[in-house]
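> build me a structure from this.
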Amino acid sequence: MPNYVTRISTIEIPVSNVEKSAHWYAKTLNLFIEHQSDQDAMLSFNAKGIPSIYLVQTNDDRKISFENTNTNVTHSVVDFYTYNLEGFYQFLKDSGIEVGPLNVNGEFGGFGFKDPDGNLLSATNIAHLGQE
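The predicted model follows:
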């Protein structure tokens, strides 16, 4: 079979207020706003091979997250990589952003945090194969 899919292009996130969310994502994750309207915004890390973030205005109040029914742990759908887990964690706390507990197991770890709409996001310092 041909290798038709080679990477993730875009991660789509539902938001209630595109302007507010676009500025929050740009500031919090150091993203560049490529496009913004009242209905949507496209943000980028401005790096080759890294997916863009597409914010889409919706009145749907469902949030992105899911519960692992084996462990009863609520997971995010998106994990952002950071080389400085503790520093990013403190930055979010100092910015008044809701964060979960910082979980560190040896040299690796992660934590959850929420965007202005309550969508659950995560940060980790784990780089997987091919992401170095």
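
> what pLDDT does Arg7 get?
The model reports Arg7 with a pLDDT of 86.

> so what's it up against?
In this structure, Arg7 makes contact with 49, 51, judged by C-beta atoms under 8 Å, 6 or more residues apart in numbering. C-beta here means a position set from N, CA and C on the backbone, and glycine is covered the same way.

> which other helices and strands contact the lowest-mean-pLDDT helix or strand in the chain?
Across the helices and strands of the chain, the lowest-confidence element by mean pLDDT, DSSP states H and E is strand 103-105, at a mean of 90. Packed against strand 103-105, as judged by 3 or more C-beta pairs under 8 Å, 6 or more residues apart in numbering; DSSP states H and E, are the following elements: strand 108-114.

> helices of the protein, start to end?
Defined through DSSP state H, the helices belonging to the chain, from first to last, are 18-29, 85-94.

> other SSEs contacting the longest one?
Looking back up the chat, that one is helix 18-29. For helix 18-29, the packing partners by 3+ C-beta pairs under 8 Å, 6+ apart are strand 32-36, strand 40-44, strand 52-57.

> give me the buried positions along that helix.
Going by neighbour count (16 or more other C-beta atoms under 10 Å), the buried part of helix 18-29 is 18, 21-22, 24-26, 28-29.

> then stretch 120-131?
Here stretch 120-131 shows 120-125 as buried, counting by 16+ other C-beta under 10 Å.

> kindly report the same for stretch 1-16.
If you call a residue buried by 16+ other C-beta under 10 Å, then stretch 1-16 has these buried ones: 13-15.

> how is the chain carved up into domains?
Annotated domains of the chain cover 9-59, 63-132 [automatic domain parsing].

> ok, which of the ones you listed comes nearest Asn3?
With respect to Asn3, and counting by C-beta to C-beta, the nearest of the domains of the chain is domain 63-132 at 13.6 Å.

> output the below-cut-off pLDDT ranges for this structure.
131-132 (pLDDT under 70).

> same thing but 90
Low-confidence segments of the chain, defined by pLDDT under 90, span residues 1, 6-7, 47-49, 105-107, 126-132.
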